[in-house]
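Asks: sharing a model prediction with you, sequence too.
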2 protein chains.
Amino acid sequence: MISNRLKSLISNSTTIRAMFEEGKRLSKIHGEENVFDFSIGNPNVEPPENIKEVIIDILNEESPNFVHGYMHNSGYEDVRDTISTFLNKKYDLSLTGKNLVMTCGAAGGLNIIFESILNPGDEIITFSPYFGEYKNYVETFHGILTTVPTNTENFEPDLEALANAITSKTKAILINTPNNPTGAIYSKEVLRGLTHVLNVKEKELNTSIYLISDEPYREIVYDDVEVPCILKYYNNSFIAYSYSKSLSLPGERIGYVVTNSLMNDFDEMMAALNISNRVLGFVNAPSLFQRVIAKTIGSEVDVNIYKKNRDLLYNHLVSLGFTCFKPQGAFYLFPKSPIEDDKKFCEDAKQFNLLLVPGSTFGCPGHVRLAYCTSYEKIEKSLQAFDKLAALYNLK
Amino acid sequence: MISNRLKSLISNSTTIRAMFEEGKRLSKIHGEENVFDFSIGNPNVEPPENIKEVIIDILNEESPNFVHGYMHNSGYEDVRDTISTFLNKKYDLSLTGKNLVMTCGAAGGLNIIFESILNPGDEIITFSPYFGEYKNYVETFHGILTTVPTNTENFEPDLEALANAITSKTKAILINTPNNPTGAIYSKEVLRGLTHVLNVKEKELNTSIYLISDEPYREIVYDDVEVPCILKYYNNSFIAYSYSKSLSLPGERIGYVVTNSLMNDFDEMMAALNISNRVLGFVNAPSLFQRVIAKTIGSEVDVNIYKKNRDLLYNHLVSLGFTCFKPQGAFYLFPKSPIEDDKKFCEDAKQFNLLLVPGSTFGCPGHVRLAYCTSYEKIEKSLQAFDKLAALYNLK
């Protein structure tokens, strides 16, 4: 009596579940400290210290029915105004609170965008490798996710392939920068090239093609690389943002959708996002944490902790002979598997208590993903295991 | 470029939006204190005092990455265990944490239930009057909401009409007790009659028919009336619960779905609910408030405040000659409109700065809804306006 869709999702989700169970099994045998789980993107860096103080201040200063009560489905007006002012200063924009809907993280944001734009059979295009959940989000609204490859040297999108993939059914292009699972960041040049294709295709097909950027990693960036703001490059654009990583608050489900005022049907689109937020059952983004965001605007976790992890693990893997793009952001490495069969490689890694995710999960076989949002000491301890794994494949 | 579905939702939502704007307009002319807005179900009673202390305790005692981090998509195991133990004691059940999924309120809970059971074209039956959002929730998953009337004397369901409405496409019956908008509570006898019909129909049609109870008002009950627990009356049953009203935390989006262990395909259904929670973008119910719920288990707002409001407004309306069912729970009155056209009656009420919601919004024309979750003083002040409204219709 389960719906057909959920039945198939249950059978598909067993791979990840199996890995989770495998981690527990290995921990029981070898001790948790000897199992190196690089499979989960759960931030290990602590939230900024002011988060706790700010929560207590809000509880002391504001009325509980205001702090914990309903507000406009798009969120508190003053919170949206504060965020828009911050974004205007940071990216030289002219947003107001009316450009924002507060959401249950970026996942909630993407869902309300898709509900607002998708008719059954419409297409969303994304670039592989991509976060596997995108397919599920799009299919909830009976849309179809199609993929276009990237160049696996630097993970920049193949724009010719994009131009060929766009049809009259294409409603939006979904990008994710900084990227999960590669850590690549789309430069200004990449965005200019991408939006040029979209402008040409909009004219050719006489339609609107939206550009949606999923940006939960926008603040997790290394070596002073810039993350350009897509609102400056394309009118029909949305950003789905989350504070899950920038403030290490993933469980609190707080983020926003921000749109370009020059978007087609702007007022109607903001109304659609507002209603989608209500009808999908979010009703509003969690109220206390909306207020926390406004009071800690501009705060960020210590990204240097992730950078040290990246450098340690990246340098070691490269020294062992692995081929790997050096991530500019997020907290993942996406090296090539030494054999074509990435699932077999992940199986082999388990012998050394290493838990990795096959690239095929991200629509990019022949690679594996390592989440390095774990402790530096754990990574140090894991290096020997990687030595043994490399030896198994006679790397170098 | 907005999806067809959202386009129609935008045009439908203008009635409520218009009322909101009307309230603001009237407030500007007459002053906010002279406008009597009975349209919105936003709890005015304060959360229990221990909520604030418990939040601060949690922040002081537990690691921030634990309190604000990801956990199982169904919620923290210890939180679910604590709630199941509480429910076992209160209702003499034998649940475990495995029977629960923590959700973004009851709205989030209903959405994951519908995603888990509905194939396109499947039917959900509810009893009118009903909360208008149900139709939107069901239609997200391409289901069809059909309605069966209640007896407008006591708002008990018409079981003969129910039996006639059930088809092979019927996936579930959705009830809401205590009820919005009537305040009626389904007694044991009503539940026995209702589940008898479902048992007979399950056999006749050789299918599973679920019973879903939406219970955000379960603790808002007067005169010691009991709210029987449907899990004791029917195997294929779900409850969607919310702490929005029992703890006055509507903005925090915290609740749960609890199921009967004897349900068909129990394990698969719990997996489906878990995945739906993830895929719809909730990911998990807000983490800090999950922990708050466990630490304040059994706490409730002071229901006596709502009871005093009910008595004042109910007694006055009846004394004026209005016909009204005396609510046993929730915080709404649902009197008969003195004229058939409930929208015209609500328009007339605006002359006296009274904002009421037409019963047709709830699929029950000829009635109006008044939300009395407002201050006692405000209700006292509004009585004169009701006197004038009654005089307009020569009541009594």
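Replies: Perfect, I can see it now. Numbering: from 1, shown residues only, chains lettered A, B, ... in the order given.

Asks: from now on I want contacts and neighbour counts done on CA atoms only, so please keep to that.
Replies: Noted.

Asks: and the lowest-mean-pLDDT helix or strand in chain A, what's buried?
Replies: Least confident helix or strand of chain A, by mean pLDDT, DSSP states H and E, is helix A:14-30 with a mean of 79. Neighbour counts over helix A:14-30 (16 or more other C-alpha atoms under 10 Å in any protein chain shown) mark A:M19, A:G23, A:L26, A:S27 as buried.

Asks: quick check: pLDDT value at A:L273.
Replies: Note on A:L273: pLDDT of 98.

Asks: I figured it hits A:S116, correct?
Replies: Yes: assessed by C-alpha atoms under 8 Å, A:L273 is found in contact with A:S116 at 6.1 Å.

Asks: returning to that earlier point: and the contacts of the least confident helix or strand of chain A?
Replies: Residues from elsewhere that reach helix A:14-30 (C-alpha atoms under 8 Å, 6 or more residues apart in numbering or on different chains): A:E32, A:E33, A:N34, A:V35, A:D37, A:N353, A:L355.

Asks: and the residues you listed, which are buried?
Replies: Buried, going by 16+ other C-alpha under 10 Å: A:N34, A:V35, A:D37, A:N353, A:L355, out of the contacts of helix A:14-30.

Asks: what's near enough to touch the residue nearest to the last one when sequence neighbours are not counted?
Replies: In other words, A:L355. Leaving out its chain neighbours, the residue that sits closest to A:L355 by C-alpha to C-alpha, 6 or more residues apart in numbering or on different chains is A:D37, at 4.8 Å. A:D37 sits next to A:G23, A:N353, A:L354, A:L355, A:L356 when contact means C-alpha under 8 Å, 6+ apart.

Asks: can you rerun that using 10 Å?
Replies: A:19-20, A:23, A:27, A:350, A:353-357, A:370-372, A:374, A:378-379, A:382 (C-alpha atoms under 10 Å, 6 or more residues apart in numbering or on different chains).

Asks: with A:M269 instead?
Replies: For A:M269, the contacting residues are A:99, A:113, A:116-117, A:259, A:263, A:275, B:1-3, B:6-7, B:10, by C-alpha under 10 Å, 6+ apart.

Asks: wait, a helix at it?
Replies: Yes: judged by DSSP: H, G, I helix; E, B strand; the rest coil, A:M269 forms part of a helix.

Asks: check it and give its pLDDT.
Replies: 97.

Asks: can you map out the helices along the stretch 201-350 of chain A?
Replies: A:266-279, A:287-295, A:303-319, A:342-350 (DSSP state H, counting those that start in this stretch).

Asks: circling back: can you give me phi and psi for the residue nearest to A:L355?
Replies: Main-chain torsions, A:D37, degrees, to the nearest 10: phi -90, psi 100.

Asks: which one of the contacts of helix A:14-30 sits closest to chain B?
Replies: Closest approach between the contacts of helix A:14-30 and chain B, by C-alpha to the nearest C-alpha: A:D37, at 15.6 Å.

Asks: residues in contact with A:Y134?
Replies: Contacts of A:Y134 (C-alpha under 10 Å, 6+ apart): A:A107, A:L110, A:N111, A:I124, A:T126, A:L145, A:L174, B:V279.

Asks: from the residues you listed, which is closest to A:L249?
Replies: Taking C-alpha to C-alpha as the measure, A:A107 is the one of the contacts of A:Y134 closest to A:L249, at 13.8 Å.
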